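> Need the 3D shape of this:
(2 chains)
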Protein chains: 2
Amino acid sequence: MPEIKVVENILDANDQIAARTRQQLDALGVVALNIMASPGGGKTSVIMQTISALKDEARIGVMEGDVVMIDVEKVAALGVPVTLVNTGGNCHLDANMVSSALPSLPMDALDLLIIENVGNLICPAAFQLGHHVNVVIASVPEGDDKPYKYPAMFRGADVLLLNKIDLMDYIDFRLDYFRHGVEVLNPGVAFFPVSCKTGEGFDAWLDWLRARVAQRSATNEA
Amino acid sequence: MPEIKVVENILDANDQIAARTRQQLDALGVVALNIMASPGGGKTSVIMQTISALKDEARIGVMEGDVVMIDVEKVAALGVPVTLVNTGGNCHLDANMVSSALPSLPMDALDLLIIENVGNLICPAAFQLGHHVNVVIASVPEGDDKPYKYPAMFRGADVLLLNKIDLMDYIDFRLDYFRHGVEVLNPGVAFFPVSCKTGEGFDAWLDWLRARVAQRSATNEA
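Take a look at the predicted model:
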């Protein structure tokens, strides 16, 4: 199976590029989020609401890997810099794509970089990008068994948002079962049930993110 | 980029195995479906309802690639043979996995083989398995922009089910916009809006599938 060796080499090379990106981000004092979810889990909606809430207190830039131009235009309309990553139909972002896209953002004028990964619960989990925080968004209509089916993604999350909780009344979703699956894989992960539609739960996520950005800035100034 | 050559070789080898599987299936008179969807799109629910409706008129076997044991047990409880494909956490089924799993099903006593692929709208589209029909399941809560974001998957569909239409009242889903995206990529694809929860729309899909199985049997007997 010579293919396995090739895959290892690709991951090694990827990690080296990711490490360089991380050094750049740290030197600039930019916190980078890697936003991952299933197709339709609500990545773009979460990103837009997060920007709307925080754009007057933090300088935010966005890198869009899971794109239709409509999304890019929506985000740009919020008045923050956005760049498009050309994934060429690939199933995940890799460190080289992110590194190559950085120069198209005003990196020295940012506090927070939000990277929207490709909609996929499997492949993105295997690729370091140089980011600081893995944000995984699950959503109620996807069902309560997702942590059991996609363990690598849930194990790697630093923050887990459970989106579309406004649909809880219309769907058989056992929150205890979902949380149990998460806790087994990733005990103590920061967990925020939210609804982009009603805004419910968003404040707790925003407070977490504010604290994370402040922590980075403090480290950078020290 | 020597990696590209390797990927080409892998796909070539995959296609050769898929072609052999297809010959085997044709010789046995078995129609094989490749069921693809996002995580939580409703693959297992669609499969279970399809089996419940057709199991007295067709001999059905199931190959589970997107698995938790709970799903396998649920399907097995319907009284049809089920086999588990060990994907090793991979992001798609490939022809070798399917070919290796065939002997664990009673293939000479089946009319219909249902293959549940891994929950992923990208990678499975690139791999022939030897099956006859690509069944793509989209779902209303994923949003109406999915054909625009995942064109390869929607372009390759022979049948498209739009699941969870019972949630249409609670979600901003523009059916016209969704259908337009599909029609541009895949004009005339067989399209069935369904709800696994209410059963709405299921009869049309079942009729399509009955006709497809009958067609295969007729060819095989001729």
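> And the helices in chain A?
Ranges of helices in chain A, per DSSP state H, are A:2-28, A:43-54, A:69-76, A:95-101, A:146-149, A:151-155, A:175-185, A:202-221.
> Check what pLDDT the most centrally placed residue in chain A gets.
Chain A has A:Ile35 as the residue nearest its centroid, 1.2 Å off, counting by Cα atoms, centre = their mean. We note a pLDDT of 98 for A:Ile35 in this prediction.
> Contact partners for it?
Contact partners of A:Ile35, counting by Cβ atoms under 8 Å, 6 or more residues apart in numbering or on different chains, are A:Lys43, A:Val46, A:Ile47, A:Ile114, A:Ile115, A:Glu116, A:Asn117, A:Val135, A:Ile137. From N, CA and C alone the C-beta is placed, and that goes for glycine too.
> go with 10 Å
A:41-44, A:46-47, A:50, A:62-63, A:65-66, A:114-117, A:124, A:131, A:133-137, A:159, A:161 (Cβ atoms under 10 Å, 6 or more residues apart in numbering or on different chains).
> likewise A:Cys91?
Neighbours of A:Cys91 in contact, by Cβ under 10 Å, 6+ apart: A:117-120, A:122-124, A:127, B:91-92, B:120-126.
> The same query, at a cut-off of 6 Å, please.
A:Val118, A:Asn120, A:Cys123, B:Ile122, B:Cys123 (Cβ atoms under 6 Å, 6 or more residues apart in numbering or on different chains).
> swap in A:Ala152?
With contact taken as Cβ under 6 Å, 6+ apart, A:Ala152 is in contact with A:Ala125.
> hmm, 7 Å instead?
A:Ala152 is in contact with A:Ala125, B:Gly89, counting by Cβ atoms under 7 Å, 6 or more residues apart in numbering or on different chains.
> now do A:Leu185
A:Pro147, A:Pro151, A:Phe154, A:Arg155.
> and what of A:Asn120?
By Cβ under 7 Å, 6+ apart, A:Asn120 lies in contact with A:Cys91, A:His92, B:Asn120, B:Ile122.
> Spit out the contact partners of the last one.
Think B:Ile122. A:Cys91, A:Val118, A:Asn120, B:Tyr150, B:Met153.
> thinking again about what came up before, out of the contacts of A:Ile35, which touch chain B?
Restricting those to those touching chain B (Cβ under 7 Å from any Cβ of the partner chain) yields A:Asp66.
> Of the contacts of A:Ile35, which belong to strands?
A:Val62, A:Met63, A:Ile114, A:Ile115, A:Glu116, A:Val133, A:Asn134, A:Val135, A:Val136, A:Ile137, A:Val159, A:Leu161 (DSSP state E).
> And those residues, which two are furthest apart?
Within the ones in strands among the contacts of A:Ile35, A:Met63 and A:Leu161 form the most distant pair, 18.7 Å apart (Cβ to Cβ).
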